[in-house]
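Q: Model the following, please.
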Amino acid sequence: MGSVARLSLVLGGARSGKSRGASWRTIEAPRDLAGSLQAAKAAPVLVDCLTLWLSNLMLAGAEIDAEMERLDAALSAAAAPIVMVANEVGYGIVPDHPLGRRFRDMQGLLNQRIAARADRVVLVVAGLPLALKGAL
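A: Residues are numbered from 1 along each chain as shown. I've put the predicted structure just below:
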């Protein structure tokens with residue numbers, strides 16, 4: 001196995017197997033860390049899921065740009081490897097409600113933002129992981 005990614009993003013549609021794949025990444029990470037100086041203090045963190053985080057913020061009327069900035073700051077300050085899970089929402093139909101369209105657009109932007117800073121990005125389709133960035 002290669003080195004542990006500091007930030008991994010696991011994307012997929014509903015019931016695609018993305019959470020199971022992300023859980024596997026956090027189980028494998030300590031094995032990758034064995035022998036490194038970080039092994040004792042860098043247990044991986046699983047964040048499942050960014051989609052729910054965003055929808056809760058939107059329904060609460062939060063300022064999304066400010067919350068994304070806070071998320072960026074938290075990721076930058078994190079000492080442990082992080083595996084984040086999010087729904088890929090760009091493959092479906094265009095929502096007929098304005099809030100649904102705004103959510104789809106914001107989720108797409110959030111996914112792009114996290115993918116840009118991630119060391120590893122995996123798309124899960126029918127339970128199969130596809131490496132988009134970095135190695136599996």
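
Q: Not counting sequence-adjacent ones, nearest residue to Gly108?
A: Leaving aside its sequence neighbours, Gly108 sits nearest to Gly90 (Cβ to Cβ, 6 or more residues apart in numbering; 5.5 Å). Every residue, glycine included, has its C-beta placed from N, CA and C.

Q: helix, strand or coil for the one you found?
A: coil (DSSP: H, G, I helix; E, B strand; the rest coil).

Q: Taking the centroid of the protein, which residue is nearest it?
A: By Cα atoms, centre = their mean, the chain has its centre lying nearest to Met84, at 2.7 Å.

Q: The one helix or strand that one maps to: partners in the sheet, and parallel or antiparallel?
A: Secondary structure assignment for Met84, by DSSP states H and E: strand 82-87. Strand 82-87 has the following sheet partners, assigned by DSSP bridges: strand 7-12 (parallel), strand 45-48 (parallel).

Q: what's the first one in contact with?
A: Same thing as strand 7-12. 18-19, 21-22, 25, 75, 81-88, 111, 114-115, 117-125, 129, 132, 134 (Cβ atoms under 8 Å, 6 or more residues apart in numbering).

Q: Just give me the neighbour total for the residue nearest to Gly108.
A: Here the number of neighbours of Gly90 (other Cβ atoms under 10 Å) works out to 12.

Q: Next: Ser8.
A: Count around Ser8 with other Cβ under 10 Å applied: 26.

Q: Next one: it from Ala60, what distance?
A: 27 Å (Cβ to Cβ, to the nearest Å).

Q: swap in Gly127?
A: For Gly127, the distance to Ala60 - Cβ to Cβ - is 33 Å.

Q: what about stretch 124-136, how long is it end to end?
A: 11 Å (Cα to Cα, to the nearest Å).

Q: Strand 7-12 and the helix or strand where Arg70 lies, what's the angle between them?
A: Assigned by DSSP H and E, Arg70 belongs to helix 64-77. Helix 64-77 and strand 7-12 meet at an angle of 130 degrees, taking axes from the mean of the first three to the mean of the last three Cα atoms, to 10 degrees as the criterion.
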